[in-house]
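Asker: Here is my input, please return the structure:
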Amino acid sequence: MLKIDPELLNNASLSPHRRALEQGYRWLRFDDELEQQFRAFYLQGHVARVRLVTYMCIVLFLLFVILDLATLPAYVSARTVSIRLALIIPSLIVVLLASYRAVWRAHLGTAVFAAALVIGLSTVAVIGSALAVGYQIPYEGILLVALFVYLIAGLTWRRALLVNVVTLCAFVIMEFWLQTDPRARLYQIVFMCAANGVGAYGAYFLEHSIRTTFLVNTLLHELAALDGLTGLSNRRTLNIHLERIWRQALRDRQAVAIAMIDIDYFKRYNDRYGHAPGDAALKAVADVIAAQARRPLDLTARYGGEEFAVVWYDPVPGELRAMGEALAAAVAALRIAHLDSELGSLSVSVGVTIGLPCAGDNAAALLRAADQALYQAKRQGRNRVVVSEPVPALV
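Answerer: Residues are numbered from 1 along each chain as shown. Down below sits the predicted model:
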């Protein structure tokens, strides 16, 4: 299994991805929400491979059809060819359609699972149809079917295991029912069980590695997008997010609001209490600020030093002051002692502005207006909220 650098976990925020890496996933299963993210990641990474493998399978089974017609007696090939053409090939075509049509792609995993099950059972049926008329065809190829389902088909381990267990049971039943040679029956069953054991073992560690890659990729993205101390978005992420929702707000004719927050006299706090308590205070204030992003397009970020920002998408203009004051009150409620502040405890100044995007404008003007409102709050004595005029004026 892949080894994870402990430094990566130490630097990552306490996210579900970090917890999954620390706790492990021996049973190849995450918590429900994280499992859904993994399934989407897995599907996205396997669409192209599933499509290519499906094309290859169609070609191979068509070659088997030709081989059956060329080498088997007509009374046998009529059975084997009909199974391949009526069951296996159509199931593979369904997989192809699901891989190409976006509306069906969410069901691609189910289509692959169903096709793999059809291929496994149909291969058993091909072998059984020949044995039923007293003709034994070479059927070591069913071992390849088992390995294919485990390692190449793009199924998750649990689904691949289910397909092969069902196929193995059908195979054993068919062998005892139709195979008249006890020694041949024994060898075929042993080989089939061995192929399943090898395939299941390899597929387990393959999926475990894929899950690890998913978690590590997400953690690396978080490290690039989040502030290491507070867990809020960093300034780069703030700028990217702000430009993105600005364009969306322009299309939807919705407003965007920004609150800039500064911890009052924080340099004095650091000078008196030291950097470790200063970091703890920053984290506590950041936790309060993080609670201000309640909707998917809202964002909280550490702007730099002791400054933070909150972006609200389509807020109610008349509620901005109350939102800013609620934030300031929540910080005051922390009751973090600050003897070099007039209040005797940690407080924040907040500058808020709102804007309705216009063509040719950008979010930088809104950010500057929020910063100016914050500057006014600090000039007016700190520990207060200033709401500036809309930029540009709301209509």
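Asker: Mark out where each domain of the chain begins and ends.
Answerer: The chain breaks down into these structural domains: 6-224, 235-387 (assignment by automatic domain parsing).
Asker: In the stretch 251-395 of the chain, where is pLDDT below threshold?
Answerer: Within the stretch 251-395 of the chain, the ranges that satisfy pLDDT under 70 run 359-360, 390-395.
Asker: how about the helices of it, start to end?
Answerer: 266-273, 275-290, 320-332, 363-379 (DSSP state H, counting those that start in this stretch).
Asker: Out of the ones you listed, which gets nearest to R101?
Answerer: If you check each of the helices of the stretch 251-395 of the chain against R101 by Cβ to Cβ, helix 363-379 wins as the nearest, at 36.9 Å. Bear in mind the C-beta positions are built from the backbone N, C-alpha and C, glycine included.
Asker: tilt between that closest one and helix 320-332?
Answerer: Orientation of helix 363-379 against helix 320-332 (axes from the mean of the first three to the mean of the last three Cα atoms, to 10 degrees) gives an angle of 60 degrees.
Asker: quick check, distance from helix 363-379 to the centre of its chain.
Answerer: 36 Å (Cα atoms, centre = their mean, to the nearest Å).
Asker: Show me what counts as buried in it.
Answerer: By neighbour count with 16 or more other Cβ atoms under 10 Å, helix 363-379 contains the buried residues A363, L366, L367, A369, A370, D371, Q372, A373, L374, A377.
Asker: Identify the residues contacting A184.
Answerer: For A184, the contacting residues are Q136, by Cβ atoms under 8 Å, 6 or more residues apart in numbering.
Asker: What's the separation between it and F176?
Answerer: 12 Å (Cβ to Cβ, to the nearest Å).
Asker: I'd like to know which of the helices of the stretch 251-395 of the chain lies nearest to L155.
Answerer: helix 275-290 (38.6 Å).
Asker: Packing partners of that closest one?
Answerer: Using 3 or more Cβ pairs under 8 Å, 6 or more residues apart in numbering; DSSP states H and E as the contact test, the elements touching helix 275-290 are strand 256-263, helix 266-273, strand 299-304, strand 307-313, helix 320-332.
Asker: angle of it against helix 320-332?
Answerer: Relative orientation of helix 275-290 and helix 320-332, computed by the same axes, to 10 degrees: 150 degrees.
Asker: Show me which residues of helix 275-290 are buried.
Answerer: G278, A281, L282, V285, A286, V288, I289, A290.
Asker: same thing with stretch 302-318?
Answerer: R302, Y303, E306, E307, F308, A309, V310, V311, W312, Y313, D314, P315.
Asker: Please name the residues that touch G141.
Answerer: T123.
Asker: same question, A281
Answerer: I263, F266, Y269, Y273, I336, L346.
Asker: quick one, what contacts the fourth one?
Answerer: The one in question is Y273. Here Y273 is in contact with A281 (criterion: Cβ under 8 Å, 6+ apart).
Asker: Off-centre distance for stretch 95-104?
Answerer: Relative to the centre of its chain, stretch 95-104 is centred 20 Å away, using Cα atoms, centre = their mean.
Asker: model confidence over it, on average?
Answerer: In this model, stretch 95-104 carries a mean pLDDT of 90.
Asker: got a list of contacts for that stretch?
Answerer: By Cβ under 8 Å, 6+ apart, stretch 95-104 touches V47, V50, R51, T54, Y55, I58, R105, H107, L108, A111, V112, A115.
Asker: In PyMOL, select just the buried ones from those.
Answerer: A single PyMOL command selects the buried members of the contacts of stretch 95-104 (16+ other Cβ under 10 Å):
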select buried, resi 47+50+51+54+58+108+111+112+115
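Asker: which element is V94 on?
Answerer: helix 89-100 (DSSP states H and E).
Asker: Just the CA atoms of that helix, as PDB, please.
Answerer: What follows is helix 89-100, C-alpha atoms only, in PDB (Å, rounded to 0.1, in the frame of the first residue of the first chain):
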ATOM      1  CA  ILE A  89     -22.400  -7.800 -27.800                       C
ATOM      2  CA  PRO A  90     -25.600  -5.900 -26.900                       C
ATOM      3  CA  SER A  91     -24.500  -5.400 -23.300                       C
ATOM      4  CA  LEU A  92     -21.200  -4.000 -24.500                       C
ATOM      5  CA  ILE A  93     -23.000  -1.600 -26.800                       C
ATOM      6  CA  VAL A  94     -25.100  -0.300 -23.900                       C
ATOM      7  CA  VAL A  95     -21.800   0.400 -22.100                       C
ATOM      8  CA  LEU A  96     -20.500   2.400 -25.000                       C
ATOM      9  CA  LEU A  97     -23.700   4.400 -25.300                       C
ATOM     10  CA  ALA A  98     -23.600   5.200 -21.500                       C
ATOM     11  CA  SER A  99     -19.900   6.300 -21.900                       C
ATOM     12  CA  TYR A 100     -20.700   8.700 -24.700                       C
END
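Asker: returning to that earlier point: quick check: the farthest pair among the buried residues of stretch 302-318?
Answerer: Greatest spacing in these, by Cβ to Cβ: E306 and D314 (28.6 Å).
Asker: what residues are up against L143?
Answerer: L143 makes contact with F191, M192, A195, according to Cβ under 8 Å, 6+ apart.
Asker: And the pLDDT for the first one?
Answerer: Just to be clear, that refers to F191. pLDDT, read off for F191, is 93.
Asker: okay but it is in contact with L144, surely?
Answerer: No: in this structure F191 lies outside contact range of L144 using Cβ atoms under 8 Å: 11.3 Å.
Asker: between these two, what contacts are shared?
Answerer: Shared contacts of F191 and L144, defined by Cβ under 8 Å, 6+ apart, are absent.
Asker: so what's the backbone phi/psi at S347?
Answerer: S347 adopts backbone torsions of phi -140, psi 170, taken as degrees, to the nearest 10.
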